[in-house]
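*Asks:* starting from these lines, generate the structure:
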Amino acid sequence: MLAKLPNKNWTYDNMGPFIIPKKGLQIDLNYDNYLLYNQTINKFENANLKYVDGKVYVDGKIASAYTFQKHYYFMMGDNRKATADSRAWSFLPEQNIIGKVQCVLFSNFKDKFRLSRLFKSIN
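*Replies:* Okay, here's the model as predicted:
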């Protein structure tokens with residue numbers, strides 16, 4: 001869970017900064033990066049990432065860096081305050097995306113509905 005990293009003061013409303021992984025991106029395997037990227041690497045990269053006694057292991061071998069094999073996206077649900085999205089389950093690989101947003105169905109900013117954005121196209 002990105003928002004629940006114990007060494008960060010992040011909330012679901014205020015997270016980051018962090019880098020969304022893309023194919024070829026190499027990261028240092030320190031504790032912070034382990035916490036941030038382990039779900040993504042373990043679930044989608046076909047690798048086994050573990051943190052034991054201050055060391056990071058990739059597929060059972062001590063590693064100091066990791067290079068991502070896929071492109072990822074940060075996905076946010078349609079109900080920001082009450083949804084399960086990338087803040088809960090991490091980044092989503094590009095090949096898992098099955099649709100594209102076409103227009104705005106609801107827009108609320110500072111607790112005010114913005115009628116001017118209703119049904120506007122997303123470019």
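
*Asks:* give me the pLDDT for Tyr12.
*Replies:* At Tyr12, the pLDDT value in this model is 75.

*Asks:* can you tell me the SS state at Asn7?
*Replies:* At Asn7 the chain is in coil, as set by DSSP: H, G, I helix; E, B strand; the rest coil.

*Asks:* I'd say it and Tyr34 touch.
*Replies:* No: between Asn7 and Tyr34 there is no contact, the gap being 10.7 Å when judged by C-beta atoms under 8 Å. All C-beta atoms are positioned from the backbone trio N, CA, C, and that covers glycine.

*Asks:* contact partners for Pro6?
*Replies:* Leu35 (C-beta atoms under 8 Å, 6 or more residues apart in numbering).

*Asks:* and it, how close does it get to Leu92?
*Replies:* To Leu92, Pro6 is 23 Å away according to C-beta to C-beta, to the nearest Å.

*Asks:* for Leu5, what are its contacts?
*Replies:* Taking C-beta under 8 Å, 6+ apart as the test, what Leu5 contacts is 32, 35-36.

*Asks:* highest neighbour count among those?
*Replies:* Leu36 (19 neighbours; other C-beta atoms under 10 Å).

*Asks:* when Asn7 and Tyr34 are compared, which one has more neighbours?
*Replies:* Tyr34 (19 against 8).

*Asks:* now do the more buried one, the pLDDT please.
*Replies:* Here the pLDDT value assigned to Tyr34 is 93.

*Asks:* surely it touches Val52?
*Replies:* No: judged on C-beta under 8 Å, Tyr34 makes no contact with Val52 at a distance of 10.5 Å.

*Asks:* now the strands for this structure?
*Replies:* In the chain, the segments counted as strands under DSSP state E are 26-28, 49-52, 55-58, 61-62, 65-67, 72-73, 92-93, 108-109, 112-113.
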